[in-house]
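Visitor: Provided below for reference: sequence and predicted model.
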Amino acid sequence: MCVARAALAALLLAPGAGGAADLWDIYQIALSRDAAYHAARYQYEGAQLDVPLARSALLPAVSAAGAGGRVRDETRARAGNAATVEHSRDNQITLSAKMPLFDRSLSLEVNRARLRAGNAKVVFDQAQDDLILRVSESYFELLAARDSQSVARAATLAIGRQRDLASQRLEVGLGTRTDLFDAEARYQQAVVDEIRAENAISNAEQSLKKIIGYTPSALTPLGEDAPLATPSPDTPEAWVEAALANNLELKAADFGVKIAAADIKQVYAAAWPKVTLDASTRQIDSVGDMGVDESTSVRATLDWSLFQSGALRGKSKQAALQHNAALQTREDTRRRVESDAASAYLTAESSLSQVRALSEAVRAGASALQAKEEGFRAGLTTNIDVLDAQRDQSSARTEHLRARYDFILSLLRLEKAAGDLDEDDLQRINGWLQS
C-alpha cells in the first residue's frame with residue numbers, strides 16, 4: 001500500500017501536474033526515492049542474514065566427487081610376438097559429510113550474529129527517524145522561504161506606495177527630500193530582501209529535491225489554527241527518563257558493549273578443543289581383476305591448539321581494551337542523550353513562547369502601522385514613522401511564521417531524542433496543515 005500510495009503521489013505531484021503536496025505525501029515519496037534511506041534498508045536486510053549464515057556453520061556439509069574413464073592395457077611378451085590388449089573401465093564416486101560435534105567458536109558466532117542483527121535494526125530505525133526529520137525540515141524550510149518571499153513582496157509594494165506618496169508630497173511642497181530619499185532607500189532594501197527570499201526558496205527547493213528527486217509545484221501550508229501546545233509531559237525530567245530508556249543512539253551504544261563482550265568470549269573460544277565428525281563412502285567400479293570395491297569410513301577428529309606463541313594473550317588484551325572503549329562510548333552517549341533530551345524540551349518550550357509573543361507582536365504591529373498611516377495622512381506623524389512601522393510589521397510577520405515551523409521541528413527533535421519519533425507523529429502534524 002505504501003508503494004502504491006507513493007507512486008500515486010509522485011504522479012499527481014510531479015512538476016506540471018498541478019497538485020499540492022502535504023507533508024505525508026512528501027514522506028511517502030521519500031520512502032520510495034531517498035537514496036540514504038534505501039542504503040540503510042539494504043544494509044539492515046543484509047545484516048539479518050548473519051544469523052542463518054552463522055547457524056549454517058553448525059550444520060552438516062555434504063559433498064560428492066566422481067570420476068570415470070576407460071583404461072587400455074597393452075602387454076607384449078617377447079619381441080616379434082603379437083601384443084595382448086585389454087580394455088577396462090575405471091569409475092569412482094565418493095560421498096562425504098562433515099559436521100562439527102563441538103566447536104565453541106561457532107556456537108558463540110551465532111550469538112554475535114544475533115547481536116549484530118539487533119544493532120542493525122536499531123541503526124535502520126535511526127535512518128527512518130532521520131528521514132522523517134529531514135523531510136520535515138526540508139518541507140517547513142521551503143514553506144518558510146516562500147512565506148518570507150510573500151512578506152517581502154508585500155513590503156516592497158507597501159514601501160513603494162509610501163515612496164510614491166512622498167514624491168507627490170514633495171511636488172506640492174508638503175514633504176521633504178529627506179523623506180523621499182529615506183523612502184527610496186527603504187524601497188531598495190525591500191527589493192534586496194525579496195531577492196534574498198527568492199534565493200532562499202531555490203536553496204530550500206534543492207534540499208527537498210535531494211530527498212525525493214524533484215520539487216513539487218505547491219505545498220500545503222500550515223493552518224492558522226494549528227494546535228500548537230506545550231509538549232506532554234510538561235517536565236524535562238520525564239523526557240530525559242524516556243530518552244534514557246528508548247533513545248536509539250543509546251541502544252546502539254548498548255549493542256556496541258554487548259558485541260565487544262561477545263568478542264572477548266570469541267577470542268578465548270579459540271583455545272577450546274574442537275571435535276569434528278567426518279563420514280565418507282567410496283565406490284570404485286572397474287572391469288578387470290578388482291571388480292567393484294566399496295569402502296565406508298566414519299571418524300571423529302579432535303583439534304586442540306595447546307600453544308599459540310602469545311597470540312591468544314595479545315588478542316584477549318586487545319578485545320578487553322575494545323570492550324572498555326565501548327563502555328566509555330556508551331557512557332558518553334548516555335550523558336549526551338540526557339543533555340540533548342533536556343535541551344530539546346527547553347527549546348520546544350522556548351519556541352512555543354516565541355510563537356505566542358510574536359503573534360501578539362504581529363497584532364500590535366498591525367495596529368501601530370494603521371495608526372501611523374492615519375496620523376501621517378492627518379499630518380501628525382512623519383513618513384519615516386510609517387516606514388519604520390512597516391519594517392517592524394514585516395519583520396514580526398516573518399519571524400512569527402518561521403517560529404511556528406521551528407516549534408514543530410523542535411517537537412520532532414524532542415520525540416527523536418526520547419526515542420518515540422514515528423510515522424504517527426508525522427501524520428499528527430500533517431493534520432495541522434491547511435486543507
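Guide: Yep, that arrived.

Visitor: could you list the domains of this structure?
Guide: For the chain, automatic domain parsing gives the domain ranges 2-58+103-271+309-430, 61-101+273-307.

Visitor: Throw those domains into JSON lines and include mean pLDDT and mean neighbour count, thanks.
Guide: Where C-beta positions appear, they are placed from N, C-alpha and C, glycine not excepted. Shown next, in JSON lines, are the domains of the chain (pLDDT from 0 to 100; neighbours: other C-beta atoms under 10 Å):
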{"stretch": "domain 2-58+103-271+309-430", "mean pLDDT": "88", "mean neighbour count": "17"}
{"stretch": "domain 61-101+273-307", "mean pLDDT": "77", "mean neighbour count": "12"}
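
Visitor: kindly export the longest strand anywhere in the chain (C-alpha atoms) in CSV.
Guide: Assignment by DSSP state E gives strand 84-102 as the longest strand of the chain. These are the backbone C-alpha positions of strand 84-102, laid out as CSV (Å, rounded to 0.1, in the frame of the first residue of the first chain):
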residue,chain,number,x,y,z
THR,A,84,47.8,-58.5,-25.9
VAL,A,85,45.4,-55.6,-25.5
GLU,A,86,42.9,-55.4,-22.7
HIS,A,87,40.2,-52.7,-22.2
SER,A,88,38.6,-51.9,-18.9
ARG,A,89,36.6,-49.1,-17.3
ASP,A,90,37.5,-47.2,-14.1
ASN,A,91,34.6,-45.4,-12.4
GLN,A,92,34.8,-43.8,-8.9
ILE,A,93,32.3,-42.0,-6.8
THR,A,94,32.8,-40.6,-3.3
LEU,A,95,30.2,-39.1,-0.9
SER,A,96,31.4,-37.4,2.2
ALA,A,97,29.9,-35.5,5.1
LYS,A,98,31.4,-33.2,7.7
MET,A,99,29.8,-31.8,10.8
PRO,A,100,31.1,-30.1,14.0
LEU,A,101,30.3,-32.0,17.1
PHE,A,102,31.8,-29.4,19.4
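
Visitor: so after that strand, what's the next helix or strand?
Guide: helix 104-171 (DSSP states H and E).

Visitor: tell me the helices and strands packed up against the helix or strand just after that following helix.
Guide: Toward the C-terminal end, the helix or strand that comes next after helix 104-171 (DSSP H and E) is helix 177-212. Contacts defined by 3 or more C-beta pairs under 8 Å, 6 or more residues apart in numbering; DSSP states H and E place helix 177-212 against helix 23-33, helix 104-171, helix 383-417.

Visitor: and the angle for helix 177-212 with helix 23-33?
Guide: In terms of direction (axes from the mean of the first three to the mean of the last three C-alpha atoms, to 10 degrees), helix 177-212 departs from helix 23-33 by 50 degrees.

Visitor: tell me the angle of helix 177-212 relative to helix 383-417?
Guide: Interaxial angle, helix 177-212 versus helix 383-417 (the same axes, to 10 degrees): 20 degrees.

Visitor: now helix 177-212, how far from the centre of its chain.
Guide: Offset of helix 177-212 from its chain centre (C-alpha atoms, centre = their mean, to the nearest Å): 33 Å.

Visitor: and the angle for that helix with helix 104-171?
Guide: Using the same axes, to 10 degrees: helix 177-212 against helix 104-171 is 160 degrees.

Visitor: do you know how far residue 50 is from residue 269?
Guide: Distance, residue 50 to residue 269, using C-beta to C-beta, to the nearest Å: 18 Å.

Visitor: for residue 246, same thing?
Guide: Using C-beta to C-beta, one gets 33 Å for the distance from residue 246 to residue 269.

Visitor: also residue 198?
Guide: For residue 198 relative to residue 269 (C-beta to C-beta), the value is 64 Å.

Visitor: likewise residue 227?
Guide: For residue 227, the distance to residue 269 - C-beta to C-beta - is 58 Å.

Visitor: go on, residue 364?
Guide: Separation of residue 364 from residue 269 (C-beta to C-beta) stands at 73 Å.

Visitor: now do residue 91
Guide: For residue 91, the distance to residue 269 (C-beta to C-beta) stands at 43 Å.

Visitor: next: residue 94.
Guide: Applying C-beta to C-beta, the value for residue 94 to residue 269 is 32 Å.

Visitor: over to residue 345?
Guide: Taking C-beta to C-beta, one finds residue 345 at 46 Å from residue 269.

Visitor: which residue, other than its chain neighbours, is closest to the residue nearest to the spatial centre of the chain?
Guide: For the chain, the residue sitting closest to the mean C-alpha position, by C-alpha atoms, centre = their mean, is residue 127 at 2.4 Å. Ranked by C-beta to C-beta, 6 or more residues apart in numbering and with sequence neighbours excluded, the top spatial neighbour of residue 127 is residue 40, at 3.4 Å.

Visitor: please apply the same query to residue 156.
Guide: The spatially closest residue to residue 156, leaving aside those adjacent along the chain, is residue 190, at 4.3 Å (C-beta to C-beta, 6+ apart).

Visitor: now do the contacts for that neighbour.
Guide: Going by C-beta atoms under 8 Å, 6 or more residues apart in numbering, residue 190 touches 152, 155-156, 159-160.

Visitor: which one of those is nearest residue 105?
Guide: residue 152 (67.6 Å; C-beta to C-beta).

Visitor: ok, residue 221 touching residue 433?
Guide: Yes - between residue 221 and residue 433 there is a contact under C-beta atoms under 8 Å: 6.7 Å.

Visitor: just the helices in the stretch 251-400 of the chain please.
Guide: Per DSSP state H, counting those that start in this stretch, the stretch 251-400 of the chain carries helices over the ranges 311-377, 383-417.

Visitor: so what's residue 242 up against?
Guide: Residue 242 makes contacts with 341, 418-420, as judged by C-beta under 8 Å, 6+ apart.

Visitor: and these, which is closest to residue 300?
Guide: The nearest member of those to residue 300, counting by C-beta to C-beta, is residue 419 at 49.9 Å.

Visitor: could you measure from residue 179 over to residue 382?
Guide: Taking C-beta to C-beta, one finds residue 179 at 7 Å from residue 382.

Visitor: let me fix that: residue 121
Guide: Distance check for residue 121 against residue 382: by C-beta to C-beta, it reads 67 Å.

Visitor: returning to that earlier point: including distance to residue 44, could the contacts of residue 190 go into CSV?
Guide: Below are the contacts of residue 190 laid out as CSV (distance: C-beta to C-beta, whole Å):
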residue, distance to residue 44
152, 44
155, 49
156, 50
159, 55
160, 56
